[in-house]
Structure formats: structure tokens, C-alpha cells
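[1] Curious how this folds, go ahead:
(one chain, ligands or ions: 1)
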Amino acid sequence: MAPVAPEQLWTAVTAIRYAFPAVIFLYFIAALAITVCTLQTQRLRIKDEHVRRDVILGLIFGVTVAYSHCLLGIISSKGDFDGFVALALTDSKFPVWYPYYGTWFFGFVVELILAVVPNVFRPPKSPFDYAAIVIQGLRICIFTILPSLYFGLRNDRKEYDNCDAERQTLLAKKLAPKASSSDNTTANGNGNGYGATTDANAQESDTADNASDAGSEDSWLAEQRKAQEMIDKRLQQDGNWFTYAKGFTVFLPYLWPFHNKGLQFRAVLVGFCLLASNALNVLVPNQMGVMIDSLTKYAQGDSESNIWLPVVVYTVLRFVSGGACIGWIRRWLWIPLEQYSYDALSTASHAHLMSLSSDFHDNKTSSDLSQAVHGGRSVADLLETVCFQVIPMFIDLAIAFAYLWSLFGPYMGLMMAATVISYLYITTKLYARRASKRRDYITIYRKEWTIGQQSLDGWSTASLFNMIPYERHRYACAVKDHMKAKRTYEMSSQAISAAQGLVMTLGLLGALWLGVYQVAYGRKSVGKFTTLLVYWAQLQSPLIFFSSMYRQISYSLMDAERLLELFQTKPTVTDMPNAKPLKLGQGLVKFDRVSFAYDERKPTLKNVSFVVPPGKTVALVGETGGGKSTILKLIDRFYDVKSGSISIDSQDIRDVCLESLRGKIGVVPQDPMLFNDSIMNNIRYARITASDKEVYEACKAAAVHEKIMSFPDGYNSKVGDRGVKLSGGEKQRVAIARAILKQPEIILLDEATSAVDTETEQLIQEGFKTLCNGRTTFIVAHRLSTIMKADHILVVMNGEIVEGGSHDELVHKKGKYHDLWSKQILVKPAVDRSRSQSPKKRDTHIINDLTPNRQKVELAKALKNTPHDETCQSNQQKPSDTQTSDEGPEGPNQDPCNIEQGTKPAPDTKSGPGHQREVSAERS
Ligand SMILES: Nc1ncnc2c1ncn2[C@@H]1O[C@H](COP(=O)(O)OP(=O)(O)OP(=O)(O)O)[C@@H](O)[C@H]1O
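    A predicted model of the protein is given here:
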């Protein structure tokens, strides 16, 4: 006689039986998620894994089959779970086993309890009972064999190889453009891991980042690939997803309003709204069922049934759950938070970018920079996606599982879980397979766009070379390729939709079958069935969203990664602690053994030393790329010297505030950058407080006032993007006007007049006279005639100062400067030709050479009178219209022929008081 089991024991056994699949399912999902997130650097022995995985996989399938006999019992749901475990294992070539240990252990213990306890109190009677016991025993055996096999096959003596087999990116597995297939086992992101097989297609992500041919890679795809590589690199460094995510905590102060209690309260309310939405997602279909049940009862003659109350409640619930109530409230609460994060991130990233030094900006394109600033929006988007879509989706699914279980029993819950898991699994797999098609499509689409754009932009070139038919044909081919790629891509998208639809339909079919069965046998009401229908349909929307969520998150992550990189970049030129403002006295500038390199491998300046006395003008000349502009940039601290020092009035410029230094320096750069604004605003940029009159004066000094006044909109004319609407010379003069307006103490002119004509240049020199008077000035120039009256000339060659002195001294020295000088045709006012005057006495204004056309004419004239090129006509007298009236009659004689011949130039006996010129033949 078997003992009679107490009621509580049966209840406990039943509870275990019911809870077992759900508990173990939750355990496995949680363990798997934690493992994937934390064990990126775990190393495993790959060969063993192959063997063991297959054997264990077989056993798990055995357990699944062993459960399937009890199709009508709750325990079969454990079979479903084992099917899921088997699926997870099938999909992981190099699995992490920790989550599996727990399931085996749980399985063993629970099976043992379920086998022993009921059979002790109720011994088997029928052959069916005995068969069930045998199968149960089989399952217990498998649960015993599984760990024994796993640990038995373990070969602890085997060396770990270098494969980080368990590494896996949660985003995508990719083939880097140059990675060979043999790299598959060498790094994370190469397809090894959980939830992924290693076939080439599956290794490709849907982020379209795996261009296989770097040569033809589209720029956008290249950007995506680079961002993905950055994620992979950091993931590799950090070791796992948790530490990786921790890297983003730097954004936390920009996302969470730590100092604003009001906004924090709003955030909490938003959380409540989300939970309320989750609840309403259940309540609305439930209420519909209640409404239908009350109507059914009423229709069946139960006049007691209140038909209006459920209708009212349903209407209220619908209203509350809709966009007019909870949706609106949530949005209203969220907008200030959204704006807070956008404001904080955008301004912080912009301010950070603006604070970075030249070395950073040199290496970034403007699109890189603006993308980095707008990455702020992506971080906020990422947060929104996770908070408003991902988390609610999982809450919805968990609630759905529990709700359907409670409404129609465990099978319905399991049916829903199986449908959802199949849907997610199929979607992920198919999207991964479609990645290559999507990438091809994007590449070809962008190619079509580029070809179209280029041919339209290059219309004049195409016309000149009679290539219009060629361009037409090229574009037509690109459109055809685009259409072909689009067709393939859309067909694959349709295939995914079809597969998703099929899974959902099969799930619905199963749910309907169960629902109809229960309604037909009178266990459930029609109202409940309606609830099921409505609820099932409602579940589809988060699932559909899942399809796009994956890509959306990976794009946002890439942007966030760029922003993170930006935030981690520190400016290299900064104020020292306790830096003091620059106290400018006379303006003595000293370079003391300065060395500098943009790239450590190639020195740009080597041991450069010189002193510029206060108020003097020093000119830097020499070969192109010699380092002249670099010297100016170092004075302005665009870069810091690598060794040596630069001081102004005995203060090392690294020890003074950057702001005070730049406030004292006025620069006219080689290629001035103007803002797309009015001319007035562009000039006033130098001194925002300047009055209109001061701007006009500055423009007059820069010889641009008349020109500006001739524009239809005068000073209000827009200059276009980067000043494209102005000619090179106009732009330079606007830049000069800016510098004049700033009234700086030290002036840096970098090829400031290279783009203006001779006549204008002479006018500008007048402006410079005012600007440079008494101020320390640096001039970089290629046209030597423009600097010959500088107080000191430095010849910069290959990063070194090879010569220094006044023009006359250098010309007589017959060194580098003499070479440069003799290679240029020099035209200067004859009145300036006298050398007798000392350089000190000379006017500091700078004279000019001719425009190329004029040079040719003058040269032709000169040659006409000269039987040989070498013969110098040093005393040609030509009337000059470029001679300025204030040029004295005793300018230095600059006849290069004479210099070359080593003779002192003779005074120009023929020169009259008028505008005279001296022309020399070019020497090559
Ligand atoms: N931002 C930069 N990054 C890296 N290298 C640079 C940078 N700017 C200049 N260089 C290099 O430094 C060297 C010196 O450049 P710099 O502009 O000072 O020459 P330069 O004498 O002013 O030439 P030019 O007369 O043509 O203006 C050149 O070889 C140039 O390629």
C-alpha cells in the first residue's frame, strides 16, 4: 500500500512541474545574456569545442525528443525549452558553456524529484505509466551524461591557442576589407560566437560596413566601416560589452539632468507613463473581451448583464492609451528632457571641437566635424530607442507571455514564446544574409548619384571634350545597375517579410487552434477569444519594430563612438596652469633654437633662431614648403614648438594665456577664410565692437572700399560659402581690412597680397604702411620685390634659416637669396633705384613687380633692345603708371645683371623725375 501524499506535496510537485520550464527558460536567457556581455576575452580550445559541441548537441536533441512524448502534459514545455537550447547551441560554433551547466543541473534535480515523488505516492499501474517512467529515467540519464561528457572530454593539458573564440560582437560580424577568411578565428567580430554561424554570409552585418573591395568602397560605406572598426577595437580593448558600455558613461551628465530636479521628476513620470502604456496594452484587449462577454450574455437573455459599463470602460481605456492622452502626456513630459540632452551634447561637442588644436583640425574634414557634432543627436536617439522601444518591447513580450498563460493556459504562453523566438531568430538570420545585397545596393545607388552629379557639375568639361554622349551613356548604365541592385535587394526584403509573415501566421494558427478548442469545449468565453485575437495582433507591432531596431541601434552606436572619440581627444595647445596674460611692451620676438615637426618622422623646422627687434619688419622668403608659414603658425601658437622657445618681450608664449597672445596678433593668412555672411560682418569679425566708420576706414586702407561700394549691395553683399563670391584679390583685401581693423601689436602677413594685381598691391602697401608702422611685422612672400625693403630678410630652406640680412646685403652675398632674386623679373620704380641710401632711411613701403602679361610686354621690349638675353639693359626708361607719387627719386638700384656680374649697380643716369622702371631679363 503506497503512502498517501499530503495535499501540500502534490501542490508543490504541480508547482515545480509548471514553473520548471519557465524558470529554466528565464535562467538560460539571463545567463546567456550575461555571458555574451562579459566573456569577450575568454579563450577556449577550439578543436575540443567542435567535438564536444556536436556530441552535446545530439544529447540535447535527445532530451527534446524525450519530452515530446508528453505532448499533452505541461512538461512538454520543457521540451520546447530544450529545443530552444539546442537552437542556441546549433547557432554557436564556439559556445560558452556556463549557461548550459545550470540547465543540466536544474534538469537533473527537477527530473529526479518529478520521477521519484509521484511514483512513490502513486505507483505505476498501466504499461503507459511504465513507459513514462522509462522515458523519465532516460532523461535523467541524459542529464547525468551531459556534464560527465562535457567535463570528461575536457583536455586540460592542451595549450590555449591565440584564438579568442568566445569573443563576439553583439552588433555585427564582419569581414574587414583586407581580412582573409583565415582570419575567421583570430579576432572577435569574425563570426565566432553566440547566435551566429560562421558561414560567410552570416558573418556580414546589416550595417553595410563590410566592403570587400576597399578600392571601390563608397565613402559613406568606408565611414561606416571605420566606425565599426572603432567599436570592434574598443570592444577588444575593453574585453566585454559591460566595460564597453561603461565607456559611454562620459555622456551621462549630458543625458541625465543631474542638477535639475524638475527634469528628473519628469523623467520619473515618463517611466510611469511607459509602464502605464505596457499595462494598457493588456487592459484594452482584456476590456474588449469583457465587453463582448457582457454583450453575449445580454444577447442570450441575461438582462442583468450590464452592457454599458464595459463599453464606457473600454472607451476610456482606448482614449487613455491613445495619442490624445498617455502618448501626449509622455511626449509633453519628454520634450524638455530631449531638448536638455540635445542642447547639452551639441553645445558640449561643438565647444570641445572649437577648443581642439590645429593638429586635430588638420586631420579632419568638415563633414567629419559636423558629423561628430551631430553625433550628439544620435546618442540621445540611442537613449530614446532603448528607453521607449527596446525596454517596452521586452516588457510587452514578458507580459504577453504571462497574460496568455493565465488566460488560456501554459500552451498559449508557450505558443506565443515559440512564435516570438522564431520570429526574432529568423529576422536576425535573414537580415544578416541580406547584408551583402544591401551593401551592393547602397554602393550602386550612390555610384549612380555620384556619376549624375559629376557629369552635371562637369558639363563644361564634357562639352569641351565632346564627351556628352559618353556621360549620357555612363549615367544610363549606372541607372540600370541601380535598378538591378534594387530589384535584388527588394526581393530579399520581400523574402524576409514573407518569412516573418509566415511565422506570425503559423503562430496565430496555433493560438487560434488552442483558443477555438478551449472555447468550443466551453472552458473559455467568446470574449476571451476576442481578447486573444486583439492581443495577438497587437503583439506584432513591437516585433515589426525589432527589424529596424537592430540597424538603428548599430548606426546610433557608430555615431556615439565618433562622439566618444571626439570627447576623448584633448587639445594639445592649452594654457599652462596659472598662465598670465601677455604683457606686450615693444614687441620683441625671439626664436631660440626652435625645432618643430608636424610628423615626428619629418622635421619641419630645425634649430631656428632669430630675433626681431620691436617695431621692425622681418620677411621670410625661400623655397616652397621650406617652413615659412609654419614659423608664423608657431608665433600664433597654432602648434607648440617641440624644442627651443619662442618669446615675446621675454615672455615664453607657452607661459601666457592663449587668448591674450592671439588678441595681440593680427594675421592675414595665405587663403583667408570668410564666413557666408555680409562683407560688413566678415570684416567686423576682427573687432565686433567696431563702428561702421571704422570698418570703412580699414577697407579704405586695404584698398577695397571702392570695390565693395561698387557691389549692388555694398557692404551688405553676401560673400558666399568661404567667400566664393569674391575674387582671390578681393578676399585677400577683405582679410587685410580685418587685420587693419583689429589693430594688433604684432602682424603676420602670409602671402597677403599674392592674389592682387600690381596696381592694387601698391595701394595696399599704403594700407600696410599704416598697419605696420611701429609694429613688429612678419611677412612671408614669394615675390621678392614685395619685401625688399623689409628691415631684415630671412631665407628659409628646408626648415632652416640659411641666410639673413637686408636685401642689399643678401643680394651681394650671392647666396640663396641672390639665386632667388636673380630668377625673378624685377620691376620697380626707377625713383627707388639708388642704392646709396641706407636701408634704415628707406621707406618701409614695399614695391611691386608686374603682372605676368605686363612682364611679357616689358620683357619683349627689353629683348628688342638687347641682342642677347644675357645682356642687361639696366637703364631702360619707361613711363610707369604704377609709380606712386611718394616714392622718392633715390630708390636703390636693383639690377640683377649687375649683381650677378658682381659689379655695383650704376646710378640710373637716364632716370627722370617721372615714373621710371628698370627691367631685367629673366635668368634661368
Ligand atoms: N598641417 C600640416 N600637417 C603636416 N604637414 C604640414 C602641415 N602644414 C605644412 N606641412 C608641411 O610642412 C612643411 C612646411 O610647410 P609650410 O607651409 O610652413 O611651408 P612654406 O615655406 O610656408 O611653403 P609655401 O611657400 O608653399 O607656403 C611642408 O613640407 C608641408 O608639407
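[2] ok, so what distance separates the residue minimising distance to the centre of the chain from Lys226?
    With distances taken as C-alpha atoms, centre = their mean, the residue of the chain nearest its centroid is Arg562 (3.9 Å). Arg562 sits 9 Å away from Lys226, going by C-beta to C-beta, to the nearest Å. Yep, even glycine has a C-beta here, placed from its N, CA and C like the rest.
[3] Next: Leu269.
    For Leu269, the distance to Lys226 (C-beta to C-beta) stands at 40 Å.
[4] Show me which residues of this protein are close to the ligand?
    Asp362, Tyr598, Thr604, Thr624, Gly625, Gly626, Gly627, Lys628, Ser629, Thr630 (C-beta under 6 Å from any ligand atom).
[5] Compute the first-to-last residue distance for stretch 791-804.
    10 Å (C-alpha to C-alpha, to the nearest Å).
[6] Give the rounded mean pLDDT of that stretch.
    The pLDDT scores in stretch 791-804 average 88.
[7] Any chance you could list what contacts that stretch?
    Under the contact criterion C-beta atoms under 8 Å, 6 or more residues apart in numbering, stretch 791-804 has outside partners 603-610, 612-613, 616-623, 626-628, 631, 787, 805-807, 810, 813, 815-817, 820, 839-840, 844.
[8] Please list only the buried members of the residues of the chain next to the ligand.
    For the residues of the chain next to the ligand, a neighbour count by 16 or more other C-beta atoms under 10 Å gives the buried set as Thr604, Gly626, Gly627, Lys628, Ser629, Thr630.
[9] Dihedrals phi and psi, Tyr441?
    Note on Tyr441: its backbone torsions stand at phi -60, psi -50 [degrees, to the nearest 10].
[10] what sits against it?
    Ala485, Lys486, Thr488, Tyr489.
[11] Quick check: the gap between the spatially closest residue to it that is not a sequence neighbour and Arg438.
    Spatial nearest neighbour of Tyr441, chain neighbours left out: Tyr489 (4.0 Å); criterion: C-beta to C-beta, 6 or more residues apart in numbering. According to C-beta to C-beta, Tyr489 stands 6 Å off from Arg438.
[12] Asp692 now?
    57 Å.
[13] Of these two, which one has the most company?
    Arg438 (21 against 10; other C-beta atoms under 10 Å).
[14] next SSE after the longest helix seen in the chain?
    In the chain, with assignment by DSSP state H, the single longest helix is helix 468-520. Counting by DSSP states H and E, the next helix or strand C-terminal to helix 468-520 is helix 526-568.
[15] For that following helix, name the packing helices and strands.
    With contacts taken as 3 or more C-beta pairs under 8 Å, 6 or more residues apart in numbering; DSSP states H and E, helix 526-568 sits against helix 219-238, helix 261-299, helix 326-355, helix 366-385, helix 391-408, helix 410-457, helix 468-520.
[16] what angle do it and helix 261-299 make?
    If you take axes from the mean of the first three to the mean of the last three C-alpha atoms, to 10 degrees, helix 526-568 sits at 160 degrees to helix 261-299.
[17] Outline the domain layout of this protein.
    7-152, 240-568, 589-675+738-825 (the TED database).
[18] ok, of these, where does mean pLDDT dip lowest?
    domain 7-152 has the lowest average pLDDT among these, namely a mean of 66.
[19] my guess is Phe778 is in a helix, correct?
    No. Counting by DSSP: H, G, I helix; E, B strand; the rest coil, Phe778 falls outside a helix, being strand.
[20] Identify the residue nearest it in space, chain neighbours excluded?
    Closest to Phe778 by C-beta to C-beta, 6+ apart is Leu748, at 4.9 Å.
[21] How about Val668?
    Val668 sits nearest to Ala752 (C-beta to C-beta, 6+ apart), 4.0 Å away.
[22] For the one you found, give me the backbone phi and psi.
    The phi/psi pair for Ala752 (degrees, to the nearest 10) is phi -70, psi -20.
[23] Could you check how many residues crowd around it?
    Ala752 has 27 neighbours, counted by other C-beta under 10 Å.
[24] And for Gly585?
    Gly585 has 11 neighbours, counted by other C-beta under 10 Å.
[25] Surely it and Lys664 touch.
    No. Using C-beta atoms under 8 Å as the test, Gly585 is too far from Lys664 to be in contact (11.1 Å).
[26] Of the contacts of stretch 791-804, which count as buried by neighbour count?
    Of the contacts of stretch 791-804, these count as buried by 16+ other C-beta under 10 Å: 603-606, 608, 610, 612, 616-622, 626-628, 631, 787, 805-807, 810, 816-817, 820, 839, 844.
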